[in-house]
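Colleague: Turn this into a structure:
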Amino acid sequence: MKQLADQAGPNTAKMVARQLSTYLVRSIYPAMHSAQRAGPTQQLAAHPGFARCIGRSRRYSQNVAPAAAALAGVTTTEQVSPATSVPAAPKLSGAEVRERFLSFFESKGHTRLPSSSLVPDDPTVLLTIAGMLQFKPVFLGQAPRKVPRATTTQKCVRTNDIENVGVTARHHTFFEMLGNFSFGDYFKQEAICWAWELSTRVFGLPAERVWVSVYEDDAESLAIWRDVVGVPAKRIKTMGAEDNFWASGPTGPCGPCSELYYDFHPEHGTGPNVSLEDDSRFIEFYNLVFMELNRDAAGNLTPLAAKNIDTGMGLERMSQILQAVPNNYETDLIFPIVAKAAELLGIDYATAPPAQRTALKVIGDHVRAVVYLISDGVLPSNVGRGYVVRRLLRRVIMKGRLLGINDPFTAQVAAVAIGLSDGCDSQVAANAARITAEMAREEAAFGATLSKGQKLLDEMLAKAQNTAGGGTPVLAGAGAFLLYDSFGFPLELTQELAEAVGVTVDLEGFEAAMAAQRARSSSSRESIDMTTSGGGLGQLAQQLHLSTFFKGYDDGQLQLEGCQVVGLLVDGQPVDEVTKEGVKVDVVLDSTPFYAESGGQVADTGYLSSGSSTSGSSTTAASSCGSSEPDVQLLVLDVHKGAGGKLFVHCASLQRGRLRVGQQVTSLPRVLRK
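Modeller: Now for the predicted structure:
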């Protein structure tokens, strides 16, 4: 400051010092380590914020410029020179990356807000796929903004590229998206300059390793990166709408975007043929969306009432960069989950062959996703969000089987994911018991299905090998479809098990069988349902003129009270009541939470009860109508659909009491407990 005072005068020096002090308190983080060995003046001058502070002063004049420039070593504009010496990026934990991001934007006037649920209040998307989703009504002008600026870490789930999970270095189903948002407040220049400051100063990325992409028609952003920030034109790529025009879904807020990429191999040069899509060299880690348009259902774009900023930085990707690991799965955010799976399987991850590593990474990723989804109330089912959970969890179980584990293991792996969840969502730990219980139930159910299907598959594979005649053994597509349709075997499971013994799968035959089933399903909707023409169940269906209402338990409630018994069958014949303990009876209800066996779906087991006690469950079940009848309890052994899928038939055994048509019962699918 003495040098500045000598050339610009003491009053100007004091004013600049006051402004700079404020800036230091609010804005400058770990970047000051860039000159730790220098003296105080050099440490201050090393940060480009010094020049920005001077440049913004109203009393800054021409006689100040030479001294400021000499002292700071940078220009006195908004420019942040990429040539400024920056040390190697520090190794930060995932928790530290998250906190530094959020704290940085708090210092820029942003309000830190919590993550929204993975179940969005938005009918256009199944799950929360981006940090901006909770702010969509604000971006659309449908709701007032509560704050002008916000910053969040948002839990997200995407399954559109599930086949790449564990195969590539950075594809996930569950991930955390760090974001900063402006609701009609600041726009492109601030967002771009702060992104650069955060990346190169707070996280310490070497400037020469950061590349930028911009939308081909966005000349304004290109100019800011090149002329204001100072990124050389050779490290800026213009790209089309497929890469650099972002939207949260088919309709809603959208706009051009600019992305930041980290270069793992700068020695390969900066020629015109460099592709940012080269995953072996680049990783995209920060996306800046300039939200200024709205797309309607017809595809029309109209300007939003206010220009907004929506950004996203992948926590896992930045952690991979800063922790210098070869993929996201080996960061401290995910690897403890992978390591637990490896421990249970008796596998040394470091020396495991690639196929086993891939399977372990799939387990780590999918368990993490399932934990957060169940915590947010999404339970396994065959439809919608529930199907996502079921599919992910079954892939976990499948991978475990392929690695040689037949005992239940998902709950133990989930416990590690739950232990890592606090920085993202503190409610996960609070829901731990419910999460692990649901995973154990689903694992047991699918395990039973796999055991049945495995025996049949082994027979099919042996037959294929015995009839190969010296050629490559082939498993018939019809057989693979039978496993898929009747036992819930995913095609990829059949392929992997077949490949392990040198057998290929007839994929064309599988697709043909699948198409034939679709055709049968289509024609059945247009034909008479012959299942209602005879037999006890058919007669019952004709008399009832109703369908069982399937309630499920996707709302998190297992128990359903007030289910009315509309039909009873013993040995296939309708009866009015059953009284003999141990008798097998088919119970038809007007509504049920039980899943029925269908298309590979394993049926639920559990209890039907009426009265004040439900033995074998942890929940007291009482008749919803306060009946004074004696306690009744039935053990549900299986559930299937009848009368063309209209009725759910609960195959049960009467354990005590008397059950009659018209009675109301409480239905409780069984949750397996340790």
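Colleague: Mind naming the longest helix for this structure?
Modeller: helix 432-466 (DSSP state H).
Colleague: Could you check how far the nearest residue to residue 133 once chain neighbours are set aside is from residue 130?
Modeller: Leaving aside its chain neighbours, residue 133 sits nearest to residue 120 (5.3 Å; criterion: C-beta to C-beta, 6 or more residues apart in numbering). Backbone N, C-alpha and C define where each C-beta goes, glycine included. When distance is defined by C-beta to C-beta, to the nearest Å, residue 120 is 10 Å away from residue 130.
Colleague: ditto for residue 297
Modeller: Residue 297 is 19 Å from residue 130, by C-beta to C-beta.
Colleague: which of the two has more neighbours?
Modeller: residue 130 (23 against 8; other C-beta atoms under 10 Å).
Colleague: so how far is the helix or strand harbouring residue 150 from its chain's centroid?
Modeller: Residue 150 belongs to strand 149-157 when assigned by DSSP states H and E. In terms of C-alpha atoms, centre = their mean, to the nearest Å, the centre of strand 149-157 is found 13 Å from the chain centre.
Colleague: So in that sheet, which strands flank it, and in what orientation?
Modeller: Sheet pairing of strand 149-157 (DSSP bridges) gives strand 111-112 (parallel), strand 174-183 (antiparallel).
Colleague: Apart from its neighbours in sequence, what residue is nearest the residue nearest to the spatial centre of the chain?
Modeller: A centroid search over the chain (C-alpha atoms, centre = their mean) returns residue 157, at 1.8 Å, as the residue closest to the centre. Excluding the flanking residues, the one nearest residue 157 by C-beta to C-beta, 6+ apart is residue 127, at 4.6 Å.
Colleague: mean confidence score for the strand holding residue 150?
Modeller: Mean per-residue pLDDT for strand 149-157: 96.
Colleague: buried stuff in that strand?
Modeller: Residues 149, 150, 151, 152, 153, 154, 155, 156, 157 are the ones in strand 149-157 that count as buried (16 or more other C-beta atoms under 10 Å).
Colleague: C-alpha coordinates for that strand, PDB please?
Modeller: Coordinates of each C-alpha in strand 149-157 appear next as PDB, following Å, rounded to 0.1, in the frame of the first residue of the first chain:
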ATOM      1  CA  ARG A 149     -30.000 -15.500  -5.600                       C
ATOM      2  CA  ALA A 150     -29.700 -19.100  -4.300                       C
ATOM      3  CA  THR A 151     -27.200 -21.800  -4.000                       C
ATOM      4  CA  THR A 152     -27.900 -25.500  -3.400                       C
ATOM      5  CA  THR A 153     -26.600 -29.100  -3.500                       C
ATOM      6  CA  GLN A 154     -29.400 -31.000  -5.200                       C
ATOM      7  CA  LYS A 155     -29.800 -34.800  -5.200                       C
ATOM      8  CA  CYS A 156     -30.600 -36.100  -8.700                       C
ATOM      9  CA  VAL A 157     -31.400 -39.400 -10.300                       C
END
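Colleague: which residues touch the residue nearest to the centre of the chain?
Modeller: Contact analysis of residue 157 by C-beta atoms under 8 Å, 6 or more residues apart in numbering lists 118, 127, 128, 129, 173, 174, 369, 372, 373, 388.
Colleague: switch to 10 Å and redo it
Modeller: 118, 126-129, 172-175, 368-370, 372-373, 376, 378, 385, 388-389, 392 (C-beta atoms under 10 Å, 6 or more residues apart in numbering).
Colleague: same deal with residue 91?
Modeller: Contacts for residue 91 (C-beta under 10 Å, 6+ apart) come out as 204, 319, 322, 323, 324, 325.
Colleague: and the residue lying closest to residue 234 once chain neighbours are set aside, what does it touch?
Modeller: What sits nearest to residue 234 in space, not counting adjacent residues and going by C-beta to C-beta, 6+ apart, is residue 270, at 4.3 Å. Counting by C-beta under 10 Å, 6+ apart, residue 270 touches 208, 211, 232, 233, 234, 235, 263.
Colleague: how near is the last one to residue 275?
Modeller: To tie it back to what came earlier, the one meant is residue 263. For residue 263 relative to residue 275 (C-beta to C-beta), the value is 12 Å.
Colleague: what ranges do the helices span in the stretch 51-200 of the chain?
Modeller: Per DSSP state H, counting those that start in this stretch, the stretch 51-200 of the chain carries helices over the ranges 65-72, 94-107, 136-139, 188-197.
Colleague: what would the ones you listed look like in a markdown table with mean pLDDT and distance to residue 653?
Modeller: Below are those laid out as a markdown table (pLDDT from 0 to 100; distance: least, C-beta to C-beta, whole Å):
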| stretch | mean pLDDT | distance to residue 653 |
| --- | --- | --- |
| helix 65-72 | 34 | 84 |
| helix 94-107 | 97 | 51 |
| helix 136-139 | 84 | 51 |
| helix 188-197 | 97 | 65 |
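Colleague: In TSV: the ones you listed, plus distance to residue 308 and mean neighbour count.
Modeller: What follows is the helices of the stretch 51-200 of the chain, written out as TSV (distance: least, C-beta to C-beta, whole Å; neighbours: other C-beta atoms under 10 Å):
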stretch	distance to residue 308	mean neighbour count
helix 65-72	33	17
helix 94-107	15	19
helix 136-139	5	22
helix 188-197	10	21
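Colleague: Between those helices, which one is closest to residue 258.
Modeller: helix 188-197 (6.8 Å; C-beta to C-beta).
Colleague: now for the closest one, which elements pack on it?
Modeller: If you count contacts as 3 or more C-beta pairs under 10 Å, 6 or more residues apart in numbering; DSSP states H and E, helix 188-197 packs onto helix 48-56, helix 94-107, strand 174-183, strand 210-215, helix 219-223, strand 252-263, strand 282-295, strand 301-314.
Colleague: all helices for the stretch 501-650 of the chain, in order.
Modeller: 507-524, 535-544.
Colleague: Could you tell me the least trusted of these?
Modeller: helix 535-544 (a mean of 65).
Colleague: Can you tell me how far residue 213 is from residue 274?
Modeller: 11 Å.
Colleague: shared neighbours, these two?
Modeller: 237, 282.
Colleague: and those two? which has more neighbours close in?
Modeller: The neighbour comparison of residue 213 against residue 274 (other C-beta under 10 Å) goes to residue 213, with 23 against 16.
Colleague: Okay, and the beta partners of that one?
Modeller: residue 237, residue 259.
Colleague: Residue 237 is in contact with that one, correct?
Modeller: Yes. Here residue 213 reaches residue 237: they are 4.7 Å apart, a contact under C-beta atoms under 10 Å.
Colleague: Pull up the overlap in contacts between the two.
Modeller: Listed as contacting both residue 213 and residue 237 by C-beta under 10 Å, 6+ apart are 243, 244, 259, 261, 276, 277.
Colleague: dump the residue contacts of residue 421.
Modeller: 155, 368, 371, 372, 375, 427, 428, 429, 431, 432, 435.
Colleague: can I get those in JSON lines with distance to residue 489?
Modeller: Below are the contacts of residue 421 laid out as JSON lines (distance: C-beta to C-beta, whole Å):
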{"residue": "155", "distance to residue 489": "31"}
{"residue": "368", "distance to residue 489": "24"}
{"residue": "371", "distance to residue 489": "25"}
{"residue": "372", "distance to residue 489": "27"}
{"residue": "375", "distance to residue 489": "29"}
{"residue": "427", "distance to residue 489": "35"}
{"residue": "428", "distance to residue 489": "31"}
{"residue": "429", "distance to residue 489": "35"}
{"residue": "431", "distance to residue 489": "31"}
{"residue": "432", "distance to residue 489": "31"}
{"residue": "435", "distance to residue 489": "26"}
